[in-house]
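Colleague: Structure for this input, please:
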Amino acid sequence: MTDKGFTKKDEMLVELLIRTGLSKNMAKTLVFLRKKEETTSVEIESATGLRQPEVSIAMQELRRRKWVTKRDIKKEGKGRPVHSNKLSIPFDKIIEIIEAEERKKIEMIEESIKQLKELAK
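Modeller: Numbering: from 1, shown residues only. As a prediction, this is how the structure comes out:
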């Protein structure tokens, strides 16, 4: 899965983010954004190998989670507006949020197992 611009470390980060339940497209987009101050969807597509609709959907979800902000770039002439995207919180804070979500899942699983054992008696 070696995408242009992705190192082995980046690929490992993508894999680990996917294991936490993030979609592959969100994981790739997030890993790319962590290395850029600001970037466009076209750059994300090019670096990650994702198609335009995949990047758009990933960006919508990342914005919904308030992890990414979008800004319009003034452009000469006609055509579609260009948007710039960047992380709205540091990558390590996003990891902390994911960690808290994963720990909550673990607690719920442990509680379910405990209840199962109680009811099975």
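Colleague: Going by C-alpha atoms from here, please, whenever you check contacts or count neighbours.
Modeller: OK.
Colleague: Going along the chain, name the strands of this protein.
Modeller: With DSSP state E applied, the chain shows strands at 39-40, 68-73, 82-87, listed in chain order.
Colleague: Figure out which of those is closest to L13.
Modeller: Closest approach to L13 among the strands of the chain (CA to CA): strand 82-87, 16.1 Å.
Colleague: what angle sits between that closest one and strand 68-73?
Modeller: Put simply, strand 82-87 runs at 150 degrees to strand 68-73, going by axes from the mean of the first three to the mean of the last three CA atoms, to 10 degrees.
Colleague: What lies in contact with strand 82-87?
Modeller: 33-34, 36-41, 67-75 (CA atoms under 8 Å, 6 or more residues apart in numbering).
Colleague: then stretch 15-24 to CSV, C-alphas only?
Modeller: Taking Å, rounded to 0.1, in the frame of the first residue of the first chain, the C-alpha atoms of stretch 15-24 are listed here in CSV:
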residue,chain,number,x,y,z
GLU,A,15,-3.0,0.8,10.0
LEU,A,16,-3.2,1.6,13.7
LEU,A,17,-5.8,4.3,13.2
ILE,A,18,-7.9,1.8,11.1
ARG,A,19,-7.7,-0.7,14.0
THR,A,20,-9.3,1.9,16.2
GLY,A,21,-12.3,2.0,13.9
LEU,A,22,-11.4,5.0,11.6
SER,A,23,-12.1,4.4,7.9
LYS,A,24,-9.1,3.8,5.7
